[in-house]
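**Student:** Just to be clear, the model below is a prediction. Sequence and coordinates:
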Amino acid sequence: MISDISNKLQVQVKAAFDKKTALRISAGNSKSFYGRGVKGEEISVADHAGIIEYRASELVLTARSGTLLSDVETALAENNQMLAFEPPAHAPSATLGGSIACGLSGPRRPFAGAARDFVLGTTIINGKGETLKFGGQVMKNVAGYDASRLMVGAQGTLGVLLDISIKVLPKPETELTISFEQDFETAHKALRQWILQGQPVTASYYYNGALSIRLSSTGNSVKKAHEMIGGELRPNDLWQSLQHQTHEFFSRHKNLWRVSVPASAKSILADQQQLVEWNGALRWVASDEDLFTTAKDVGGHASKYRMNSDNEENIFQPLSSTMLSLQQRLKHSFDPDNILNPGRLYPEL
């Protein structure tokens, strides 16, 4: 059912399309730092909020984009369920729509999947003011574009998110956090071995000469894994500090890079302060240097994260000419006059 608020949002987009006026999409503004600055008339989805449908027995929740992330997590917790991709909140005002638009995932991502993997369907307003619905409320194998998942990480450049259907998962019966003081290479090798053995590892991070891992499963499985692996017990709230980036590493450094590399990559930039997640696939690096080339040389990509400048020329890894052309064609299909968050991801988009 289309709400009065979504009708107003559609009218605003249509008016902007007619006048060729840029729109700056907002909600909780908890992730406004993540991307290039956008100049334009504000269009806020903050009031387009509320859980539309939650079928706990089918592990599916549909909510409006302005719904607070905390409200979604509270509703799921009442049924011992969770958002398995563990999206960072950054602030109490964080919304479900903002989390999906930015496409960020937390510590469980390499074991459960990324935000994109849990999106079943979306309703959006495109750049012409048309309301479009993609996907549904069940997982399907389809040929061609899965348009609903294109919205994940697009940061509103393809459409104003209205409603989102997501798959949720049950919470584990038991979780345990253990740590080991090791050099990076030793820790990396041990972690790969535990995963190959089928140990119930659901998160890992390496920082200041220590590896910490989270074990999640039934009580008996976690107990057996701990007896086999060993390690010093640590509080489980460590993972919330990483998920929501309240860990002291994130507050201590102003210029951070989010570097995604193959998990098998050895230590990079050993002389720089860094925190490693995702079994080695995600490296948070504190550096004033340009890390785009460094990331590319090891088969990865980098993003500037919480940098001093409000509008860097390149926030995200520069695109190849082929990929840029593809992105421009995709942008034109959804937003032909480039009015939705123009330049948010790249100057050319």
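**Tutor:** Thanks, I have it. Residues are numbered from 1 along each chain as shown.
**Student:** C-alpha only now, for contacts and for neighbours.
**Tutor:** Noted.
**Student:** and for stretch 74-92, what are the contacting residues?
**Tutor:** The list of residues contacting stretch 74-92 from outside it, by CA atoms under 8 Å, 6 or more residues apart in numbering, reads 30-31, 56, 68-70, 73, 95, 99, 104-109, 112-115, 118, 167-171, 243-246.
**Student:** which parts of it are buried?
**Tutor:** For stretch 74-92, the buried set under the neighbour-count rule, 16 or more other CA atoms under 10 Å, comprises 75, 76, 81, 82, 83, 84, 85, 86, 87, 88, 89, 91.
**Student:** Endpoints of that stretch, how far apart?
**Tutor:** Across stretch 74-92, the terminal residues are separated by 13 Å (CA to CA, to the nearest Å).
**Student:** host element of the spatially most central residue of the chain?
**Tutor:** Nearest residue to the geometric centre of the chain (CA atoms, centre = their mean): residue 104, 1.0 Å. Under the criterion DSSP states H and E, no helix or strand holds residue 104.
**Student:** Touching, it and residue 117? I think so.
**Tutor:** No. Residue 104 is beyond contact range of residue 117, at 11.8 Å (criterion: CA atoms under 8 Å).
**Student:** picking up where we left off before, any chance of a ChimeraX selection covering the buried ones in the contacts of stretch 74-92?
**Tutor:** This is the ChimeraX syntax for the buried subset of those, where burial follows 16+ other CA under 10 Å:
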select :30,31,56,68,69,70,73,95,99,104,105,106,107,108,109,112,114,115,118,167,168,169,171,243,244,245,246
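**Student:** Who are the contact partners of the residue nearest to the centre of the chain?
**Tutor:** Counting by CA under 8 Å, 6+ apart, residue 104 has contacts 87, 88, 114, 115, 153.
**Student:** Look up how far residue 234 lies from it.
**Tutor:** 26 Å.
**Student:** The lengthiest helix in the chain packs against which elements?
**Tutor:** Longest helix in the chain, counting residues (DSSP state H): helix 4-19. Of the remaining helices and strands, none touches helix 4-19 by 3 or more CA pairs under 8 Å, 6 or more residues apart in numbering; DSSP states H and E.
**Student:** Contacts for the helix or strand following that helix, please.
**Tutor:** Moving toward the C-terminus from helix 4-19, the next helix or strand (DSSP H and E) is strand 23-26. The contact list for strand 23-26, computed with CA under 8 Å, 6+ apart, reads 13, 16, 38-46, 156, 160, 339-342.
**Student:** can you give me the helices in the stretch 101-250 of the chain?
**Tutor:** 109-112, 115-118, 147-150, 184-196, 219-229, 238-243, 248-252 (DSSP state H, counting those that start in this stretch).
**Student:** Point out the most buried one among those helices.
**Tutor:** Across those, averaging neighbours per residue (mean count of other CA atoms under 10 Å) puts helix 115-118 on top, at a mean of 20.
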